[in-house]
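Participant: Sharing a sequence plus its predicted fold:
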Amino acid sequence: MFKITGVFLSAVLIFSFFSCGSTPAPAPAPAPVESSAEDKAQADAEATAAAMDALARMQNGGVPPAASPSGGSQQPPQAAPAAAQPTPAPARPAPSQPAAQTANPNRGEPVWVASPESTYPRNGYVAATGFGDNRAGAEKNALAALISIFGQSIQAELKVLSDYRESIANGRTDVRQSETVSSAIKTFSSLDSLLGAEVRDTWFDSAKGTYYAVAVMEKAKTITLYADTIRSNQRIINDLINIAAAERNSLEAYSRYQFAARIADANRVYANILSYVGDTTSGINPATMKKGDDYRLEALNITRNIPIGVNVTNDSQSRISGAFRGILTDVGFRSGGNTSRYILRINVSLEPVNLPGQANKFSRCVIDANLMDMNDDTILLPWNFNLRSGHLNQSEADNRAIRDAEAKIKAEYGSILKDYLSSVLPSY
């Protein structure tokens, strides 16, 4: 219990009574009378309790403080009772955390609501606040605000690694022959997707019906997490591009370099974040790191050495095969023959369609196209569609159906092939 002198008690009580508008001014003190030692001790105890109560009122806008619920939220204080009975002097409270400081004593607003750096100084933290109609929304907005400090979405860059982890969990990618990759993936999987970001506190503003949250990244922790992740990712990249000469000119090698490019993109983001938080200890230098485009360029060189044969049946005018060959050339592949490892097998079906009550003639064209790996006779990319076209006579209806199919191939297959190649996860 603090020892409070009579002078200090008088000053505190006078200041608190004038500071709290809701508290009436004290009545004039009665003339002093002699009292026994027991009476004086009783008076001192009551004066001490009154002083502590006054101090509490000063910190809470003139009303007694209300208990805060769990999770850091603060609820509005209850009104003071009309006539409070004297209570024993309370025990000394434990020191409060920085987030418990208040910027607006009338509403108990934490200082971080208006100025997160006041509670989480910039020399040790990166912090941002968010608000919403509910607590979950406020926390989500706070994390989004924190991410936006770095200028781009970390989560978007992490999607490729998330897909990779999922492929391992589902058994689509075998890492049993690659202990380096397996170890690195396990390390990364143990980290939070935002790498060190967390919601530290929340607060409810009952006057506005608004929830507030503050998201924080500790700089020291961030440096450790991001540096470790960059090193793990680089081990994955090194393993991805470690390809035997016999497999160099293959779609597998192409997908490995494309995958390495996406991880390198993420590493560049992480390295920039390290620079932002003032990293001087990890030894990671963004200027010396390879860019994702460096790996994409090598992937493009691989496609130029991969011949893909085109085998089409029922293509009397070679218009369908010509459309597919043009797409393969645009993507970067060489034209191959029937002995190539990769073959695009296409079947064209054209048949008349009888529509009762129609004067025009109609034809239906069906295209089945399968990109094959002839080493194991597997279908890598299936694609098929059908359409119907009409004209005054059957011959012209057939021609129009082929022409419409050709236009559809030119408009769509290039994007379909590129999406497939960029989404293929390499196997080991």
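Facilitator: On my side now, so go ahead.
Participant: which regions of the protein lie under the pLDDT threshold?
Facilitator: Residue ranges of the chain with pLDDT under 70: 1-107, 151-194, 425-428.
Participant: Now do the helices in it.
Facilitator: 6-19, 37-59, 116-119, 135-148, 154-169, 179-189, 219-240, 251-276, 292-303, 319-331, 394-423 (DSSP state H).
Participant: by how many degrees do the fourth one and helix 251-276 diverge?
Facilitator: Orientation of helix 135-148 against helix 251-276 (axes from the mean of the first three to the mean of the last three Cα atoms, to 10 degrees) gives an angle of 90 degrees.
Participant: Show me what counts as buried in helix 135-148.
Facilitator: By 16 or more other Cβ atoms under 10 Å, the buried positions in helix 135-148 come out as 135, 138, 139, 140, 141, 142, 143, 145, 146, 147. Backbone N, C-alpha and C define where each C-beta goes, glycine included.
Participant: Distance to residue 230 added to these, as CSV?
Facilitator: Putting the buried residues of helix 135-148 into CSV (distance: Cβ to Cβ, whole Å) gives the following:
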residue, distance to residue 230
135, 34
138, 31
139, 27
140, 27
141, 28
142, 26
143, 22
145, 24
146, 20
147, 18
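Participant: For residue 221, state which of those is nearest.
Facilitator: residue 146 (13.8 Å; Cβ to Cβ).
Participant: quick revisit: between the buried residues of helix 135-148, which is nearest residue 359?
Facilitator: For the buried residues of helix 135-148, the nearest to residue 359 is residue 140 (60.4 Å; Cβ to Cβ).
Participant: list the contacts for that closest one?
Facilitator: Counting by Cβ atoms under 8 Å, 6 or more residues apart in numbering, residue 140 touches 130, 132.
Participant: let's see 10 Å
Facilitator: Counting by Cβ atoms under 10 Å, 6 or more residues apart in numbering, residue 140 makes contact with 130, 132, 134, 199, 213, 215.
Participant: Does residue 225 touch residue 196 like I think?
Facilitator: Yes. If you go by Cβ atoms under 10 Å, residue 225 and residue 196 touch, sitting 4.9 Å apart.
Participant: Mutual contacts of those two, please.
Facilitator: Contact criterion Cβ under 10 Å, 6+ apart; residues shared by residue 225 and residue 196: 217, 218, 273.
Participant: ok, what's across the strand from residue 218?
Facilitator: residue 125 (DSSP bridges).
Participant: what about it, how many residues close to it?
Facilitator: 19 (other Cβ atoms under 10 Å).
Participant: quick one, domains of the protein?
Facilitator: 6-69+80-92, 125-303, 307-423 (automatic domain parsing).
Participant: And the second one, end to end?
Facilitator: Read that as domain 125-303. 46 Å (Cα to Cα, to the nearest Å).
Participant: same question, stretch 114-121
Facilitator: 14 Å.
Participant: can you check stretch 214-224 too?
Facilitator: End to end - Cα to Cα - stretch 214-224 spans 22 Å.
Participant: ok, the residue lying closest to residue 372 once chain neighbours are set aside - contacts?
Facilitator: With Cβ to Cβ, 6 or more residues apart in numbering as the criterion, residue 372 has its nearest non-adjacent residue at 4.8 Å, and that residue is residue 343. The contact partners of residue 343, taken as Cβ under 10 Å, 6+ apart, are 307-311, 336-337, 370-374, 377.
Participant: between these, which is nearest residue 229?
Facilitator: Nearest member of the contacts of residue 343 to residue 229, counting by Cβ to Cβ, is residue 373, at 33.7 Å.
Participant: In contact with the nearest residue to that closest one once chain neighbours are set aside, which residues are there?
Facilitator: The shortest distance from residue 373 to any non-neighbouring residue, by Cβ to Cβ, 6+ apart, is to residue 380 (5.5 Å). With contact set as Cβ under 10 Å, 6+ apart, residue 380 has these partners: 251, 342, 344, 370, 371, 372, 373, 420, 421, 424.
Participant: Please flag which of the residues you listed sit within strands.
Facilitator: 342, 344, 370, 371, 372, 373 (DSSP state E).
Participant: and the contacts of residue 140 as TSV, adding distance to residue 365 and neighbour count?
Facilitator: Formatted as TSV, those follow (distance: Cβ to Cβ, whole Å; neighbours: other Cβ atoms under 10 Å):
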residue	distance to residue 365	neighbour count
130	54	21
132	53	16
134	54	11
199	57	19
213	57	29
215	56	28
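Participant: now those as CSV including distance to residue 114?
Facilitator: Formatted as CSV, those follow (distance: Cβ to Cβ, whole Å):
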residue, distance to residue 114
130, 13
132, 17
134, 21
199, 18
213, 14
215, 16
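Participant: Quick check: residue 290 touching residue 267?
Facilitator: Yes. Between residue 290 and residue 267 a contact is recorded at 8.7 Å, counting by Cβ under 10 Å.
Participant: With neighbour numbers in mind, choose between the two.
Facilitator: Taking neighbours as other Cβ under 10 Å, residue 290 and residue 267 compare with residue 267 leading, 26 against 14.
Participant: my read: the more buried one touches residue 289, true?
Facilitator: Yes. Counting by Cβ under 10 Å, residue 267 does reach residue 289; the two are 6.2 Å apart.
Participant: which residues does the residue lying closest to residue 241 once chain neighbours are set aside contact?
Facilitator: In space, and not counting its chain neighbours, residue 241 is closest to residue 260: 5.6 Å by Cβ to Cβ, 6+ apart. Residues in contact with residue 260 (Cβ under 10 Å, 6+ apart) are 233-234, 236-241, 290, 292, 294-296, 298-299, 426.
Participant: Would you list the buried entries among those?
Facilitator: 233, 234, 236, 237, 239, 240, 292, 295, 296, 298, 299, 426.
Participant: before we move on, back to that, now intersect the contacts of residue 140 with the strands, please.
Facilitator: Per DSSP E, the subset of the contacts of residue 140 in strands is 130, 132, 199, 213, 215.
Participant: Would you mind giving those as CSV with distance to residue 280 added?
Facilitator: Below are the ones in strands among the contacts of residue 140 laid out as CSV (distance: Cβ to Cβ, whole Å):
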residue, distance to residue 280
130, 30
132, 37
199, 28
213, 31
215, 25
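Participant: Surely residue 253 touches residue 341?
Facilitator: No. Contact criterion Cβ under 10 Å: residue 253 and residue 341 do not qualify, at 11.9 Å.
Participant: Find residues that contact each of those two.
Facilitator: Shared contacts of residue 253 and residue 341 (Cβ under 10 Å, 6+ apart): residue 306.
Participant: out of the two, which sits in the busier spot?
Facilitator: The residue with more neighbours, out of residue 253 and residue 341, is residue 253; 22 against 16, by other Cβ under 10 Å.
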